[in-house]
Structure formats: structure tokens, C-alpha cells
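In: Quick one: sequence plus predicted model below, questions after.
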Amino acid sequence: MKNQQLLIGLAFLLAALTGCTASAPEKDAAETGADTRIPVLFDTDANNELDDQHALAYLLFNGATFDVRGITVNATHSGGNIEAQYAEAERVLKLCDRFGKIPLYAGADGNFETIRDSIRQPDYDGKAAVEFIIAEARKPRSQKLVLIPVGKLTNIALALMKAPDIRDSVRIVWLGSNYPAPGEYNQENDIPAVNYVLEQQVPFEVVTVRYGDPSGSWFVRITPEEVRANLAGKGPQVSPVTGRHGDNFTCFGDYSVSLFDNIHMDGDPPGRSLFDLVAVAMVKNPAWGNHHEIPAPILEGTEWKDRPDNPHRITIWENFDKAGILGDFFSVLEHPELSERREEGRN
């Protein structure tokens, strides 16, 4: 025992003299070049309103935290067809200086029920995005690929249906639902897709919306005045990009101002919620929200039905730290660190 204590003491003394104070995992990561960032794939109806764009910029400017593997798009009732949704995602990637560096794929124009029977055909609605999700999920890596869908769940449900083996390789963090209350835009755009995902044995987390309720992501709101004060002129300078409402922009912050100038405000004071940004924030820092597990419920029509005996459990996120999330968002826009996509192997 005395010899062992002597050896331990000598080891600490040697570390102090040589400045080698890193822990073993840190040392291993430094020596092997392991990428410890969170691998993320973002699935969006980018042209729906304005929260998708801010969530995507937040993700792309968090290069120290996220390894953004790619962006997939889908079409919901607002914002036009899949081409319009793709075009808006492309604008944001260009404004964030990531277009051509982060892959972008068009996904489902239709819904799960209208596509599922054709999923084995050589070509089907949403194929490019669905096949990309599957390919990324199957890559060997040391941590699960985090799928962050912030629109309908069509692309995710189709990927799980075509490749059920990816269930063990992904973690889904969805911005959607007013659970336990009915309604919510993303949910109602494809209820069969929601139910399909709920029936899979896959890690599934719900970042609640809850319109008008401070317990949901609705609470993370921002006014046009706050946008101008904190975002105008922010982000890397790029070649001019034409916005969806016209005019040309050379940074994301100025495009943010335009988005707020061209949308209806609500509430007192008038503003808009950055729903989708909250889903990204929960992956970055879980301390900015509260979460608990429940037996996976199911939707009957638009109403939630609890299933207390269901052994499969999902996570519900609520009660978000508005100040913490928006403060970090403003800081990231002030000092963006662009996400770099690297090819990884198992570490």
C-alpha cells in the first residue's frame, strides 16, 4: 500500500512539473483527434415563417458544439412547395457562409400515408432527404446522431420505416405538439407520421410548443426592437443574397431584420416566438429547460391518448429559460464559429 501511494504521489508530482494536467479522456481526444462535437442533422420546413431560419443560423454558428452533418427540408401547409422550402434553406446557408460546405437535400412534399407504399420504389417523394438521413445514421460514430426535426415528421418516419436498423443509432429531438393539449402546427401537418415515430423503439424527445402558455417554447419570444438591437449587422459578411421578400443581404443578422419586418406580430409587446431555436438549445444545453419521461402516448384524431402501461417511454421538454437561450443566441451571432463537417470514424 505504501509503495502504491508513493507511486501515485510521484505521478502527481511529475504531472505538476511538466504541466500535464489534462484528464485521461481529454488527453486521448487530443492525441487521437477525436471529434467530441454533437453530430446533428436538421430537418426543416424552412420557408414556413421565421423561426426555422433563426434555428438554422444558431446551429451553423455553434461550430464548437455541433458537427452539422446536413440539412433536409420538407413542405408543410404554409411556405409553399418543396422547391420554396429548399430555396429558403439555401438562402440561410449562403448567408451563414455554409452553402456547398454543409449538404442540403429536398425531402417530402407530401405526407407519410401518401408516400409509405412507394418507399421501395426506385424513386419516391422525399427520396434524397430520406436516403441521406439513413446513410448518415448508419455511419459508425462514438455517439448517436441527433435528428432535430422542426416541422412535420414525414422525412423521419419514412427513414425509420425504410431502415428500422437506424433506431439504435439516432436520437430524435422534435419541436412539436402542445402535449397534453391537442393541436399544434407541426403535429397536424402529418399526424400519421407522429404516430409512426411514437410506435418505434427509438429515443424520442418532444420540445413542446403550447401557444400562449409560458411553459412551452412559445415563451421564447423576441420583439423587432430586440432584433435590431442584437442581430442587425451580425454574422459573417458574404456575397449579396436576395431575401424571400426582396432586397439583398450580406449577413444573416440583416436578413433577420427583414424577416421580422415582413411578418405579423402578436402579443404584448408585439413579437414572435423562436420555437425551433429552442429545440437546438435543448441539445446544446439541457439546463435551459426541464424534462421528464412519460409512457409514449398516441394521437387519436387530434387528441392525445395517454398509455400508462406502455413500456416505451419518451421525453417531454418544457419550462424553458428564455433569458439563457436568447442570451446565448445573441452571443453566438456576435461571435459566430462556423460549423465544419468532417468525415468521422468510430473513436
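Out: Received the coordinates, thanks. Numbering: from 1, shown residues only.
In: Next one: the residue lying closest to residue 240 once chain neighbours are set aside from residue 242, what distance?
Out: Of all residues not flanking residue 240 in the chain, residue 248 sits nearest, at 3.9 Å (C-beta to C-beta, 6 or more residues apart in numbering). Yep, even glycine has a C-beta here, placed from its N, CA and C like the rest. Separation of residue 248 from residue 242 (C-beta to C-beta, to the nearest Å): 6 Å.
In: Report how many residues lie close to the residue nearest to residue 240.
Out: Residue 248 sits with 11 neighbouring residues when counted by other C-beta atoms under 10 Å.
In: try residue 53
Out: A total of 27 residues lie near residue 53 under the criterion other C-beta under 10 Å.
In: Check residue 200 too.
Out: Count around residue 200 with other C-beta under 10 Å applied: 18.
In: Could you do residue 214 as well?
Out: 13.
In: change the start of the numbering to 55 and stick with it
Out: Noted, 55 is the first residue going forward, which turns the last one into residue 268.
In: Using the three-state scheme, assign the residue positioned nearest the centre of the chain.
Out: Central residue of the chain (C-alpha atoms, centre = their mean): residue 202, 3.4 Å from the mean position. Three-state call for residue 202 (DSSP: H, G, I helix; E, B strand; the rest coil): strand.
In: Quick check: the gap between residue 147 and residue 124.
Out: 11 Å.
In: Those two: which is more packed in?
Out: A count of neighbours by other C-beta under 10 Å puts residue 147 above the other of residue 147 and residue 124, at 22 against 18.
In: Am I right that that one sits in a helix?
Out: Yes - counting by three-state DSSP, residue 147 is part of a helix.
In: what about it, distance to residue 230?
Out: Distance, residue 147 to residue 230, by C-beta to C-beta: 23 Å.
In: and what of residue 297?
Out: From residue 297 across to residue 230, the span is 27 Å (C-beta to C-beta).
In: What of residue 206?
Out: According to C-beta to C-beta, residue 206 and residue 230 sit 8 Å apart.
In: What segments of the stretch 105-254 of the chain are strands?
Out: Secondary structure of the stretch 105-254 of the chain (DSSP state E, counting those that start in this stretch): strands located at 120-127, 158-160, 199-203, 224-229.
In: could I get these as CSV with mean pLDDT and distance to residue 177?
Out: Conversion of these to CSV gives the following (pLDDT from 0 to 100; distance: least, C-beta to C-beta, whole Å):
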stretch, mean pLDDT, distance to residue 177
strand 120-127, 98, 17
strand 158-160, 98, 13
strand 199-203, 98, 23
strand 224-229, 98, 24
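In: Of all the ones you listed, which one comes closest to residue 287?
Out: strand 120-127 (23.7 Å; C-beta to C-beta).
In: Now residue 192. Nearest residue, chain neighbours left out?
Out: Excluding the flanking residues, the one nearest residue 192 by C-beta to C-beta, 6+ apart is residue 220, at 6.3 Å.
In: Check what pLDDT the one you found gets.
Out: pLDDT, the model's per-residue confidence, is 98 for residue 220.
In: doesn't residue 193 make contact with it?
Out: No - Residue 220 is beyond contact range of residue 193, at 10.3 Å (criterion: C-beta atoms under 8 Å).
In: and these two? which has more neighbours close in?
Out: When residue 220 and residue 193 are compared for neighbours, residue 220 comes out ahead with 20 against 14, by other C-beta under 10 Å.
In: how close does that one sit to residue 250?
Out: From residue 220 over to residue 250 (counting by C-beta to C-beta), the distance is 14 Å.
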